[in-house]
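Student: coords please:
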Amino acid sequence: KVFLLSNNFCERTTYYRKQFPQLFALVDGAYFSWETGYVKPDLHAWLNILDTQHLHAKDCLYFDNDKENVAAAQKLGLQAEVWQSVTRAKKVIRATFI
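Tutor: Here you go, the predicted structure:
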């Protein structure tokens, strides 16, 4: 499963949903801070997804471009990586799940 976790605000999220519906069709869920009330790096941002999706942190992989968010996710037991590139992400996914 693939989820989006974003601190984007209402207007930008509305724009993304309208202009890029194909993006949302590719993921199993999208969690935006203005909807959930949790702003990364608040640990509740990740706990909310883990709880609502019945997931275990140890079974999840998280990418973010912000080192503070990666560190927060790691505190919860998620394997978390700073985003570098699609090539790097593919390598990490293969090493983690395949």
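
Student: going forward, measure contacts between C-alpha atoms and count neighbours the same way
Tutor: OK.

Student: what about the longest helix in this structure?
Tutor: In the chain, taking DSSP state H as the definition, the longest helix is helix 86-97.

Student: Against which helices or strands is that one packed?
Tutor: On a contact count with 3 or more C-alpha pairs under 8 Å, 6 or more residues apart in numbering; DSSP states H and E, helix 86-97 meets no helix or strand.

Student: Return the set of buried residues in that helix.
Tutor: By 16 or more other C-alpha atoms under 10 Å, the buried positions in helix 86-97 come out as Ala89, Val92.

Student: pull the CA atoms of that helix into PDB?
Tutor: This file holds the C-alpha atoms of helix 86-97, laid out as PDB (Å, rounded to 0.1, in the frame of the first residue of the first chain):
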ATOM      1  CA  VAL A  86      13.600   7.500  -7.900                       C
ATOM      2  CA  THR A  87      16.600   5.200  -8.600                       C
ATOM      3  CA  ARG A  88      17.500   5.300  -4.900                       C
ATOM      4  CA  ALA A  89      13.900   4.700  -3.800                       C
ATOM      5  CA  LYS A  90      13.600   1.700  -6.000                       C
ATOM      6  CA  LYS A  91      16.800   0.200  -4.500                       C
ATOM      7  CA  VAL A  92      15.500   0.800  -0.900                       C
ATOM      8  CA  ILE A  93      12.100  -0.700  -1.800                       C
ATOM      9  CA  ARG A  94      13.700  -3.800  -3.300                       C
ATOM     10  CA  ALA A  95      16.100  -4.200  -0.400                       C
ATOM     11  CA  THR A  96      13.200  -3.800   2.100                       C
ATOM     12  CA  PHE A  97      10.400  -5.800   0.600                       C
END
